[in-house]
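Asks: Whatever this is, show me its structure:
(one chain, ligands or ions: 2)
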Amino acid sequence: MILVTGGAGFIGGNFVLDWLANPNADGILNLDKLTYAGNLTTLESLKDDPRHVFVHGDIGDKALVAQLLKDYQPRAIVNFAAESHVDRSIHGPADFVNTNIVGTFNLLECAREYWNGLDDAEKKAFRFHHVSTDEVYGSLSATDPAFTETNSYEPNSPYSASKAASDHLVRAWFHTYGFPVVTTNCSNNYGPYHFPEKLIPLVILNALNSKALPIYGDGQQIRDWLYVGDHCSAIREVLAHGKLGETYNIGGWNEKANIDVVKTICTILDELQPRPDNKSYSEQITFVKDRPGHDRRYAIDAGKVERELGWRPAETFDTGIRKTVQWYLDNPVWVEGVVSGSYRDWLQKQYS
Ligand code: NAD
Ligand code: TYD
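Replies: Ligands and ions are numbered 1, 2, ... in the order given. Model prediction:
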């Protein structure tokens, strides 16, 4: 078995589904706290699959994590569990410190204790894969080269600062204790099962619900978008063949300004599900107050993972975004299930 944390969230959920789509894959023990961002409906198709064991719990719960490791004896841990939304980290940073830093610390300590008790062959094969973000590197100007693994850490938001801290802990556990870690720092993901507080799903659903499409500031901020299935394939590759103690940047070579992302979504929706009045969804674009401390540009140089492990994304932005829009059109039941009262409260707090 492998232990996946945060496997009911956006990327973790996609990872679990992709992994178990392979009939020969190891089983998954999925530990998730089911915060507002965790949705068991994402894993509905696995409810009768004995290879998937779901446990509702917190990575910060030492007794629970230690017991799970003892009972299930995983050969690897992939740590997705985190608070992940920059805007929420601005309103309330405490949960980010608790889960992203203290939770990761707890997971590392429990895993190290478990690993110490393994026999030599199991010890050698064991991996702790920490899933992190490009946001730890801070913000680029328009002309800066893309982030490489040797860029210094300059996080600017409570979210990125908490992820940076967790990356440092993971690095230290390798150097100090010889604990077998690999870390991936990935750019912005998009795709199915993405909670609609993030830009791409928010815009798709707001467009369909005749609501404003909010663009922060001038909309010229740049993100480097990666289809979530490609992120999952990169993690599988690094988990299997990554060098211990190394970090790998994962990205899609798809730098886009926010305004262009939103206009692309509008164009696809105009084609797939035209507005009743036949006007373009782009008429709903609304410029709103900028995010405090908004990072201007992220861009990933994914050359190392390509050179050393032969990984490259399969999707371009054009193919991935079309699939994503289509997925949201085809899955109103999933959307209905996640758009709860607490989601509506968040929209009110953030956009009113
Ligand atoms: P998400 O917010 O959609 O999902 C996070 C999941 O973790 C949820 O299911 C939640 O219930 C669970 N969780 C939160 N706190 C927990 C805790 N204390 N114990 C156990 N489970 C807990 O996030 P995501 O977008 O799927 O991101 C997953 C990981 O990938 C995060 O570590 C994030 O930093 C990283 N990442 C995300 C992106 C992106 O664009 N979304 C890009 C690069 C890296
Ligand atoms: P987001 O999806 O929150 O990811 P991150 O902040 O981690 O990059 O936002 C992506 C970009 O879109 C970011 O530059 C902020 C911007 N944005 C908007 O312009 N409007 C919105 O309503 C949201 C949620 C984000």
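
Asks: element containing Ile204, please.
Replies: Assessed by DSSP states H and E, Ile204 sits inside helix 199-208.

Asks: I'd like to know which elements that helix is packed against.
Replies: strand 213-216, helix 258-272, helix 317-330 (3 or more CB pairs under 8 Å, 6 or more residues apart in numbering; DSSP states H and E). (Glycine included, C-beta is placed from N, CA and C.)

Asks: Nearest to Phe195, out of those?
Replies: Smallest distance to Phe195 across the helices and strands packed on helix 199-208 (CB to CB): 12.0 Å, for helix 317-330.

Asks: okay, now the closest residue to Val53 other than its chain neighbours: neighbour count?
Replies: Distance criterion CB to CB, 6 or more residues apart in numbering; nearest residue to Val53, sequence neighbours excluded, is Leu29 at 5.0 Å. Using other CB atoms under 10 Å, Leu29 is surrounded by 23 other residues.

Asks: and Leu29, bridged to which residues?
Replies: Beta bridges link Leu29 to Leu3, Val53, judged by DSSP bridges.

Asks: ok, so what distance separates it from ligand 2?
Replies: 28 Å (CB to the nearest ligand atom, to the nearest Å).

Asks: ok, now Tyr193?
Replies: 14 Å.

Asks: Spell out which parts of the protein neighbour ligand 1.
Replies: 5-6, 8-12, 31-35, 37-38, 58-60, 80-84, 99, 103, 131-133, 163, 186, 188-189, 195 (CB under 6 Å from any ligand atom).

Asks: Tell me which of the helices and strands packed on helix 199-208 lies nearest to His175.
Replies: helix 317-330 (36.5 Å).

Asks: buried set for the next helix or strand after the closest one?
Replies: Counting by DSSP H and E, the element after helix 317-330 in chain order, helix or strand, is helix 332-338. Within helix 332-338, the residues that count as buried by 16 or more other CB atoms under 10 Å are Trp334, Val335, Val338.

Asks: can you redo those as JSON lines with pLDDT?
Replies: Formatted as JSON lines, those follow (pLDDT from 0 to 100):
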{"residue": "Trp334", "pLDDT": "94"}
{"residue": "Val335", "pLDDT": "95"}
{"residue": "Val338", "pLDDT": "89"}
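
Asks: With distance to ligand 2 added, can I get those residues in TSV?
Replies: Shown next, in TSV, are those (distance: CB to the nearest ligand atom, whole Å):
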residue	distance to ligand 2
Trp334	18
Val335	16
Val338	15
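
Asks: and the residue of the chain most remote from its centre, helix, strand or coil?
Replies: Here the chain reaches farthest from its C-alpha mean at Asp277, the gap being 36.3 Å by CA atoms, centre = their mean. Three-state assignment for Asp277 (DSSP: H, G, I helix; E, B strand; the rest coil): coil.

Asks: mind listing what's buried in stretch 262-273?
Replies: Buried residues in stretch 262-273 (16+ other CB under 10 Å): Val262, Lys263, Thr264, Ile265, Cys266, Ile268, Leu269, Asp270.

Asks: Can you lay out the residues you listed as TSV showing pLDDT?
Replies: Below are the buried residues of stretch 262-273 laid out as TSV (pLDDT from 0 to 100):
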residue	pLDDT
Val262	98
Lys263	98
Thr264	98
Ile265	98
Cys266	98
Ile268	98
Leu269	98
Asp270	98
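
Asks: Looking at these, spot the one nearest ligand 2.
Replies: Closest approach between the buried residues of stretch 262-273 and ligand 2, by CB to the nearest ligand atom: Val262, at 7.8 Å.

Asks: Could you give the backbone dihedrals for whichever residue of the chain sits closest to ligand 1?
Replies: Closest contact between the chain and ligand 1, by CB to the nearest ligand atom, is at Gly9 (2.0 Å). The phi and psi values for Gly9, taken as degrees, to the nearest 10, are phi -90, psi -170.

Asks: May I have the longest helix seen in the chain exported as CSV, CA atoms only?
Replies: Looking across the chain with DSSP state H, the single longest helix is helix 158-177. Extracted in CSV, the C-alpha atoms of helix 158-177 (Å, rounded to 0.1, in the frame of the first residue of the first chain):
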residue,chain,number,x,y,z
PRO,A,158,0.8,33.2,4.3
TYR,A,159,0.0,30.2,2.1
SER,A,160,3.4,30.2,0.3
ALA,A,161,5.3,30.9,3.5
SER,A,162,3.7,27.9,5.2
LYS,A,163,4.5,25.7,2.2
ALA,A,164,8.1,27.0,2.2
ALA,A,165,8.4,26.1,5.8
SER,A,166,7.1,22.6,5.2
ASP,A,167,9.6,22.2,2.3
HIS,A,168,12.4,23.2,4.6
LEU,A,169,11.4,20.6,7.2
VAL,A,170,11.3,17.9,4.6
ARG,A,171,14.8,18.9,3.4
ALA,A,172,16.1,18.9,6.9
TRP,A,173,14.7,15.4,7.7
PHE,A,174,16.7,14.1,4.7
HIS,A,175,20.0,15.9,5.6
THR,A,176,19.8,15.3,9.4
TYR,A,177,18.2,11.9,9.7
